[in-house]
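>>> model this:
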Amino acid sequence: MTALTVANQNEIVFLRRELEKVQNDLRLYSAVIENFPGGIILTDQNLEVVVCNEQQKKLLSYAPELFHSRKPTLLELFQFNAARGEYGPGRPEALVAAKMDLVQQRIPHLFERVRPDGSVIEVRGVPIAGGGFVTSYIDITERRRTQEMILKLALTDSLTGLANRASLNKDFDHFAARAKRGEHFALMYVDLDHFKPVNDKHGHKTGDSLLEEVASRLKANVRDTDVVARYGGDEFIVLQSNVLEHNSIKILARRLLDVLSAPFYINNIEIRLSASIGITHSAIACDEYSLDQMIGVADNEMYNAKKSGKSRYLIDDCREKNSCCQFEVCTCGHLSFGQIRHSAKELSIRSV
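Residues are numbered from 1 along each chain as shown. Here you go, the predicted structure:
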């Protein structure tokens with residue numbers, strides 16, 4: 001055997017070993033890709049799909065025809081997704097063009113996509129050296145639901161499902177911001193009459209069920225833009241939005257008194273309650289909006305209502321320290337809403 005032959009055989013053995021190592025590496029990489037807890041797509045410099053694992057095909061419900069004879073291009077995947085509404089409303093051609101434009105920029109990206117079936121996918125793409133992208137797709141639907149549930153629990157009263165104090169603070173800030181732009185609101189402090197005797201007689205379980213029903217009635221009798229919060233044991237706060245006139249406050253207050261005075265039936269027990277409501281409104285706050293202050297004013301009116309016989313509402317209309325921002329029905333001669341708007345318009349015209 002010549003030296004050349006021996007050298008060739010040694011080289012063949014070396015190459016076989018190297019090939020085995022490469023094959024082992026490929027099997028390892030394939031196992032990693034196929035067992036990745038999500039989808040993976042790898043494209044080359046020509047944006048042709050080199051790798052698309054089975055998890056990705058299932059996660060995005062790719063049609064088998066896409067991979068029948070060859071792997072698709074990224075453009076073809078975009079077109080398939082756009083045609084079935086994966087990217088939301090709009091012309092498929094425009095949606096695909098926008099996606100391709102982002103790809104050409106070769107910028108790392110991370111975003112969440114809500115699919116037509118309501119599931120949420122986290123998409124993370126990274127450009128690779130020499131061209132192409134590696135993109136992962138993770139179903140985070142359950143994670144989002146858990147986060148939303150935790151957030152809801154943090155902002156919701158555990159018994160009634162109404163907004164709690166933390167949520168009320170957030171809502172009040174939004175109402176106050178709109179009030180500064182002229183969209184006024186009312187704050188109602190609702191306190192149940194005779195709740196303690198009912199609770200003492202029938203027990204806390206019945207009392208809790210009663211509070212749940214009270215919350216349900218309050219929520220059912222306000223608008224979607226209003227807020228109902230549980231403030232204490234049998235105390236509730238109602239924020240009435242977009243109050244244009246004094247009478248709208250009276251109408252809602254009267255309605256709430258009526259629904260709360262109707263009989264409740266808890267565990268086959270008929271229970272009758274009433275409520276006392278103290279009310280204030282942003283129109284007398286003169287742009288100084290504080291939840292604690294407004295609740296304090298409404299709370300005072302609520303106690304006055306109780307002293308006056310209960311089952312009624314009282315509205316804080318006239319505070320001498322505030323000489324502006326009054327409703328139509330006010331006996332102290334302060335400006336009404338309509339007069340405020342008219343005066344503001346005149347001032348604006350004079351300032352031009």
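>>> and the strands in the stretch 101-250 of the chain?
Counting by DSSP state E, counting those that start in this stretch, the stretch 101-250 of the chain forms strands over residues 109-114, 120-127, 133-139, 186-193, 227-230, 235-240, given from the N-terminal end onward.
>>> what's the closest of these to residue 171?
Of all those, strand 227-230 sits nearest to residue 171, with 4.6 Å by C-beta to C-beta. Using the backbone N, CA and C atoms, a C-beta is placed for each residue, glycine as well.
>>> still on that earlier bit, among the strands of the stretch 101-250 of the chain, which is nearest residue 36?
strand 133-139 (7.4 Å).
>>> paired strands for that closest one, with orientation please.
Strand partners for strand 133-139, identified by DSSP bridges, are recorded as strand 39-43 (antiparallel), strand 120-127 (antiparallel).
>>> OK, contacts around the nearest residue to residue 93 once chain neighbours are set aside?
Spatially, and ignoring its direct neighbours in sequence, residue 93 is nearest to residue 82 (7.9 Å; C-beta to C-beta, 6 or more residues apart in numbering). Counting by C-beta atoms under 8 Å, 6 or more residues apart in numbering, residue 82 touches 92, 93, 95, 96, 99.
>>> contacts for the helix or strand hosting the second one next, please.
With elements taken from DSSP states H and E, the one containing residue 93 is helix 92-105. The list of residues contacting helix 92-105 from outside it, by C-beta under 8 Å, 6+ apart, reads 47, 74, 75, 78, 79, 82, 83, 87, 88, 109, 133.
>>> next: stretch 144-151.
Where contact means C-beta under 8 Å, 6+ apart, the residues beyond stretch 144-151 that reach it are 112, 120.
>>> stretch 42-49 now?
If you take C-beta under 8 Å, 6+ apart as the criterion, stretch 42-49 is touched by 41, 50-52, 71-75, 77, 103, 130-135.
>>> and the residue nearest the centre of the chain, how far is that from residue 156?
Most central residue of the chain, judged by C-alpha distance to the mean C-alpha position with C-alpha atoms, centre = their mean, is residue 148 at 7.7 Å. As defined by C-beta to C-beta, to the nearest Å, residue 148 lies at a distance of 11 Å from residue 156.
>>> what do you get for residue 74?
From residue 74 to residue 156 the distance is 43 Å (C-beta to C-beta).
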